[in-house]
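# what would the 3D arrangement of this be:
(2 chains)
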Protein chains: 2
Amino acid sequence: MSQTEISIRKLERMRILLREIEYLKHTLNATLYWDKLTYMPEKGLAYRSEVMTFLGNQLYERFDSAELRQLADYFDGRRGNAPEVDAMIRRIRNHDIYIRKIPQKEYSSYISLIVNAERGWEQAREENQFSTFAPYLERIVAAFQSFSAHWGYEEDPYDALMSFYEPGSTVREMDRLAEELRDFVVPLFHQIRGQMAESPSRPDFALPLEEQRRLSRQVLETIGFDFAAGRLDEGTHPTTLAASPKDVRILTAYTPDDLRSGFFNTLHEGGMGLYEQDIDPNLAGTLLGEVASFATEVAAARLYENLIGRSAGFWRVFFPKMKELCPSLAVPNWEAMFRGVNQVSPTLIRNDADELTYPLHILIRYEVEKDLIHGRLSVRDLPEVWAEKYRTYLGVIPSNHREGVLQDIQWAAGYMGYFPGYLTSNLMAAQFAAAMERSLGPIQTLLSQRRFEDIHQWLAEYVYRFGALYPPGELVRRATGEPLKTSYFIDYLREKYTAVYQLKK
Amino acid sequence: MSQTEISIRKLERMRILLREIEYLKHTLNATLYWDKLTYMPEKGLAYRSEVMTFLGNQLYERFDSAELRQLADYFDGRRGNAPEVDAMIRRIRNHDIYIRKIPQKEYSSYISLIVNAERGWEQAREENQFSTFAPYLERIVAAFQSFSAHWGYEEDPYDALMSFYEPGSTVREMDRLAEELRDFVVPLFHQIRGQMAESPSRPDFALPLEEQRRLSRQVLETIGFDFAAGRLDEGTHPTTLAASPKDVRILTAYTPDDLRSGFFNTLHEGGMGLYEQDIDPNLAGTLLGEVASFATEVAAARLYENLIGRSAGFWRVFFPKMKELCPSLAVPNWEAMFRGVNQVSPTLIRNDADELTYPLHILIRYEVEKDLIHGRLSVRDLPEVWAEKYRTYLGVIPSNHREGVLQDIQWAAGYMGYFPGYLTSNLMAAQFAAAMERSLGPIQTLLSQRRFEDIHQWLAEYVYRFGALYPPGELVRRATGEPLKTSYFIDYLREKYTAVYQLKK
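Just a heads-up that it's a prediction; the model follows:
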């Protein structure tokens, strides 16, 4: 058998193993998890947790198998592999670092901790008792301190946690980006804040849930979400889960007294949903049929939520449809809608934050997470430190834990080092949009011509279809011709808020 | 290590292996299958099929593992096992007999036969051409003749087929039960038939779907279905799927122009749902945390659907609630409802049959199936024999094959020896009810006192909680003190139809 034949056979075998890993991964992380979040009866939790722990172990064992490792070693040492093969090896190695370095027993106990922690978080929210959740959070912080030691890092244990989501992230670099953004956002926020009182009075954004549901479905159809290959459901926390590019499930959450909350939840997840649906199905069985990274996926979300969904061009064409679908709508015209979705106001809830102050919510999480991991902040003191930071950056203080430290499910679900991706995602979204405009013309013109499909196709062609074939940094360079920068996002914010608040340029 | 210690360790290991088998089985047959039937987007099917095939193979390999077989051998040879251990071995052996004894090649060719046979059946129905389906049915009959030889039997090859569904069933016994039933039902049916024209005119049973949904939920709550441990959804075919006793999912199907269809679909599945929810959770990890058999589960369904749901006592207390929930209901009073759900009419379609004539539809299938397996009836002659039996028993003749031999998918799907369970299930339901009445008093009195919970608890205590710990025959003897008999069902039918049709006693 020639060397080429040997390589072909080994590649076939590797794809079979990876395909089976994907089956388990999708069953566990998409289908069973989706069911748990949506339709599972509450008493089903205990058994479901056992099943998920079992499948998690199966997944771990398969990644850990000698056969897969030998195959990866074979290709790792070779020159002239197809780019796809190199990318597969990169994904396997990434998994090696992040999963295999944790001892199996520690990993299993972490998995069952997380299942219970989510329940604990829900209960703590219901009771408004931080102390119900604190013991779980303490164990989660300890778990990630241990994980960062297993994973390894050069400068800072928090680097290891961020790199899990965005390979190559460092506190040093993130501190710099965060500072550039803060130096721009905080003064602009204070400038606008002085004018908030002058804003026209707020129209009534209440809307019956039934009409909000219709609206959400409509906006997903408008941007090109394929309902034959996806669903829209409701859950406590909005999220998007893909069992395959042909089975993408969006969870949204509505608030009866403010349609904007549910609408932008849906549009945010819808952006992710398009990304997932557009990944090349031929990447199945390679570990590459997934989004390139968390921040890349959020970039897709932000692009639709903010750059499109909070723009004048969008509301000019979408508002008549909305009026038609929602007989109870009290908002009088598209201008009122446009102003209403661009009001800047200091809020306690990250998910309700406007585009300008959102980065400040992320900064706070980034800072406290880093301190928890460094051991400079104890879980016990977290609510107080949290309140103090909100007072400093945004001038507001939570009156209960639901609008304070218990607002996000992320920590309960084991997302540590994850929030900074929300900063970089904004930068990516603005940079993708700028590249698209160089090719198709201004987004506002495209929207006024209802060219939603052209926008969608550009993104599919230059970003989405590649899945995880390229690391996020390379994907950005390929799609935009430049490395990631803050300037596109800063330019975008300056222009947007200058227009909305008629600021002097 | 003492022999006892060895046994304890081996038992622990066996339970771990069986528990993992159950995790896969529940994920595959309940959770993923439920999702496929309810909420999966249509383009998700191809990938889902791959995932399900993969998990199915995993399940097969685990059942087939040398380790599990060695453990079963160890306990199989021993005296003084706990009853639970003997029952576990019985379940493992049952799997061995029915799956492992068929040569792999024969089994594969059977599987692809079935896939094609279902399509052939659909096509034959469309064309109303029995000859399109006949060649498939001939091969299916031949396959099951061969299977019965592999599986083994003492007297009759058909015994082996029935025992797949109801361990220990014999033609000798089934012939006797069938004859007793036929000798009672046929004359009673002819007596009633003379009076059918005198029945009061049929009220309008149409009801908007939204009201039917409320009604279904209400009746499940009334009988004691725990919605914290279960759900009610809709699907093309009504079914009940249990991912665990705490996660039981009922699918029902409604017809807008006749509320009775959806109502009894729900009550039928609801009876099964109670059974599943009441199985002792401590049986998890033993293969015994399941219903005892197909007929046992259908007995639970029939008990609620017919003995309770078609009784005067039920409608007297339930009708006012129904009226309150369903403002569009046209049925004037409980008496009209009671009559409406007890009308007897000779139909050609098994699925539309009333309680009295239903057993005749099953008798016909039992008789022809047996004759096919014995080689006394050729597939070619089946439509003629079928028509003749319908004429004799029910006085009706099919005008096409869709309402004749092609009405059921079961043979095409490889269910041979399955229909007789529909007879025994009726006998079981009546026998359980009689035993309950000896202990709690007449069911009609219990219903008039709204003692649904007492009925439920009796069934849980004497039948449901045992899961598959006992074979069905033993379960019946333990719960009722007697072997399975026809007399309770016959008494029930006599009393019911004497009252409905004011027959002379």
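
# for A:Ile16, which residues are in contact?
Going by CB atoms under 8 Å, 6 or more residues apart in numbering or on different chains, A:Ile16 touches A:Gly285. (Glycine included, C-beta is placed from N, CA and C.)

# can you do 7 Å?
Contacts for A:Ile16 were tallied using CB atoms under 7 Å, 6 or more residues apart in numbering or on different chains; there are none.

# mind giving me the packing neighbours of the one helix or strand A:Gln70 maps to?
When secondary structure is defined by DSSP states H and E, A:Gln70 falls within helix A:66-76. Counting contacts by 3 or more CB pairs under 7 Å, 6 or more residues apart in numbering or on different chains; DSSP states H and E, helix A:66-76 packs against helix A:3-25, helix A:83-95.

# tell me the average confidence for the helix or strand that comes right after the first one?
For helix A:3-25, the succeeding helix or strand toward the C-terminus, using DSSP H and E, is helix A:33-38. Helix A:33-38 shows a mean pLDDT of 96 in the predicted model.

# check which helices and strands the next helix or strand after helix A:33-38 sits against.
Reading on from helix A:33-38 to the C-terminus, the next helix or strand found by DSSP H and E is helix A:45-63. Packed against helix A:45-63, as judged by 3+ CB pairs under 7 Å, 6+ apart, are the following elements: helix A:3-25, helix A:104-127, helix B:3-25.

# hey, C-alpha coordinates of the second one in PDB?
Written as PDB, here are the backbone C-alpha positions of helix A:104-127 (Å, rounded to 0.1, in the frame of the first residue of the first chain):
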ATOM      1  CA  GLN A 104     -11.400  12.100  34.200                       C
ATOM      2  CA  LYS A 105     -12.700  12.000  37.800                       C
ATOM      3  CA  GLU A 106     -12.300  15.800  38.200                       C
ATOM      4  CA  TYR A 107     -14.100  16.300  34.900                       C
ATOM      5  CA  SER A 108     -17.100  14.000  35.800                       C
ATOM      6  CA  SER A 109     -17.500  15.700  39.200                       C
ATOM      7  CA  TYR A 110     -17.400  19.100  37.400                       C
ATOM      8  CA  ILE A 111     -20.100  18.000  35.000                       C
ATOM      9  CA  SER A 112     -22.500  16.900  37.700                       C
ATOM     10  CA  LEU A 113     -21.600  20.100  39.700                       C
ATOM     11  CA  ILE A 114     -22.800  22.100  36.700                       C
ATOM     12  CA  VAL A 115     -26.000  20.300  36.300                       C
ATOM     13  CA  ASN A 116     -26.900  21.000  39.900                       C
ATOM     14  CA  ALA A 117     -25.500  24.500  39.900                       C
ATOM     15  CA  GLU A 118     -28.000  25.600  37.100                       C
ATOM     16  CA  ARG A 119     -30.800  24.300  39.300                       C
ATOM     17  CA  GLY A 120     -29.300  26.100  42.300                       C
ATOM     18  CA  TRP A 121     -29.000  29.300  40.300                       C
ATOM     19  CA  GLU A 122     -32.700  29.100  39.300                       C
ATOM     20  CA  GLN A 123     -33.700  28.500  42.900                       C
ATOM     21  CA  ALA A 124     -31.500  31.300  44.200                       C
ATOM     22  CA  ARG A 125     -33.200  33.700  41.700                       C
ATOM     23  CA  GLU A 126     -36.600  32.600  42.700                       C
ATOM     24  CA  GLU A 127     -35.800  33.200  46.400                       C
END
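
# can you check what angle separates that helix from helix A:45-63?
150 degrees (axes from the mean of the first three to the mean of the last three CA atoms, to 10 degrees).

# mind listing what's buried along helix A:104-127?
By neighbour count on 16 or more other CB atoms under 10 Å in any protein chain shown, the buried set for helix A:104-127 is A:107-108, A:110-111, A:113-115, A:117-118, A:120-122, A:124-125.
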